[in-house]
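Peer 1: 3D, please:
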Amino acid sequence: MNHFGLAQEALDQLFVKARTAHAFKREPVPEGILEKLVNLTQWAPTAFNSCPARYVFLTTDEARSKLIPALSPGNVAQVQSAPVTVILAYDTHFFEHLPELFPAYDAKSLYDKNTILADQVAFRNSSLQGAYFMLAARALGLDVGPMSGFNADVVNGTFFPDGRLKANFLINLGIADHSATHPRGPRLSFSQVSQIL
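Peer 2: As a prediction, this is how the structure comes out:
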């Protein structure tokens, strides 16, 4: 394991200088990059290596048009601008894969009869994977615009009618048009958000 931190240039690309994208250039994102993004994300930690996140990549106007009715009005133009919109979803039956993904322990038995716990774990860990996904995208030179302004019931009914998958949040993906980027807002300081006990 490399115990040396990343160079400041890399930290800037991932965090300090990266901005949320609200509009995009009409440059397609190759399918190979989407596959690489998912494969990178899968290496990051989740509970019992559960990997509950599922990714639906909307890359055509036809696919995006199915999402538009579920969006908050302020998010419509952002989705229409993006070459890719990702529905970051989670598999409510993720535990079926645990014997393969985590053979060291019978973790499947914790969830297969406890749907409330399974749903909580799937939501929490798919949220983690969504964050990993966005950092992986930035590492590969893409810009991201996460969105929670949508009607999840409409998305689920349209894209996941059998009920097994559920939408967590949306991510627009591509090369940003920075002419639409807002001035950067401040952040809370370490002392405002942290305690050392």
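Peer 1: from here on, contacts and neighbour counts on C-alpha atoms
Peer 2: Will do.
Peer 1: tell me the centre residue of the chain?
Peer 2: In the chain, the C-alpha nearest the mean C-alpha coordinate belongs to G130, at 2.7 Å (C-alpha atoms, centre = their mean).
Peer 1: surely that one meets I87?
Peer 2: No - in this structure, G130 is not within contact of I87 by C-alpha atoms under 8 Å, at 9.9 Å.
Peer 1: hang on, Y90 is in a strand, isn't it?
Peer 2: Yes - assessed by DSSP: H, G, I helix; E, B strand; the rest coil, Y90 belongs to a strand.
Peer 1: count of neighbours near it?
Peer 2: Using other C-alpha atoms under 10 Å, Y90 is surrounded by 27 other residues.
Peer 1: wait, it sits on A118?
Peer 2: No - the pair Y90 / A118 is not scored as a contact, 10.7 Å apart, by C-alpha under 8 Å.
Peer 1: burial of L98, as a residue count?
Peer 2: 20.
Peer 1: same check, this time on the one 10 residues further on
Peer 2: Other residues near K108 number 20, with proximity taken as other C-alpha under 10 Å.
Peer 1: got it, and Y55?
Peer 2: Neighbours around Y55, by other C-alpha under 10 Å: 16.
Peer 1: Three-state assignment for it, please.
Peer 2: Secondary structure for Y55, judged by three-state DSSP, is strand.
Peer 1: wait, what's in contact with it?
Peer 2: The neighbours of Y55, taking C-alpha atoms under 8 Å, 6 or more residues apart in numbering as the test, are V86, I87, L88, A89.
Peer 1: Next one, pLDDT for M1 please.
Peer 2: According to the per-residue confidence, M1 scores 59 in pLDDT.
Peer 1: In the protein, where is pLDDT below threshold?
Peer 2: Residues of the chain meeting the criterion pLDDT under 70: 1-2.
Peer 1: Show me the helices in it, by range?
Peer 2: 8-11, 31-42, 61-67, 73-81, 98-101, 108-111, 115-139, 152-159, 190-193 (DSSP state H).
Peer 1: And the fourth one, what does it pack against?
Peer 2: Right, the one you point to is helix 73-81. If contacts are counted by 3 or more C-alpha pairs under 8 Å, 6 or more residues apart in numbering; DSSP states H and E, helix 73-81 sits against helix 61-67.
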